[in-house]
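Student: take a look and give me a structure for this.
(one chain, ligands or ions: 1)
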Amino acid sequence: MPIYEYLCRKCGKIFEKIQKINEGGDHLTCPSCGGKKPEKVLSGFSSSKGSDSSSSCGPTGGSSRFT
Ligand SMILES: [Zn+2]
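Tutor: Predicted coordinates for the structure are as follows:
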């Protein structure tokens, strides 16, 4: 089962929940402050840091000799 990350709107804590793929998160509560309806966070947010450099390193020279 996939692990989803939720962000508490109340205290800003991010916590993980193992859920079924079609299960909503409205019934969840923050384990830290008990805030309801946490916001679902898409996993892989850390990879957005390197999205800038990945786009510039497309043609790295190896594929330039394609004649
Ligand atoms: Zn909270």
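Student: show me what the helix or strand hosting F15 is in contact with.
Tutor: Per DSSP states H and E, F15 falls inside strand 14-18. Strand 14-18 is touched from outside by 1-8, 25, 28, 30-32, 38, 41, with contacts defined as Cβ atoms under 8 Å, 6 or more residues apart in numbering. (Each C-beta comes from the backbone N, C-alpha and C, glycine too.)
Student: just the buried members of those residues?
Tutor: 4-6, 8, 28, 30, 38 (16 or more other Cβ atoms under 10 Å).
Student: in CSV: the residues you listed, plus pLDDT.
Tutor: Below are the buried ones among the contacts of strand 14-18 laid out as CSV (pLDDT from 0 to 100):
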residue, pLDDT
Y4, 90
E5, 93
Y6, 94
C8, 96
L28, 94
C30, 97
P38, 95
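Student: restricted to strands, list the residues you listed.
Tutor: When DSSP state E defines the strands, the subset of the buried ones among the contacts of strand 14-18 inside them is 4-6.
Student: and the ion, which of those reach it?
Tutor: Here nothing survives when these are matched to the ion using Cβ under 5 Å from the ion.
Student: tell me the contacts of E5?
Tutor: 14-17, 40-43.
Student: which positions in this structure make contact with the ion?
Tutor: So the chain meets the ion at 8, 10-11, 13, 30, 32-33, 35 (Cβ under 5 Å from the ion).
Student: if you set the cut-off to 8 Å instead, what comes out?
Tutor: 8-13, 30-35, 38 (Cβ under 8 Å from the ion).
Student: what about stretch 39-51, average pLDDT?
Tutor: On average, the pLDDT along stretch 39-51 is 63.
Student: re earlier: can you list the ones in strands among the buried ones among the contacts of strand 14-18 in CSV and add distance to I21?
Tutor: As requested, these are exported to CSV (distance: Cβ to Cβ, whole Å):
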residue, distance to I21
Y4, 9
E5, 15
Y6, 15
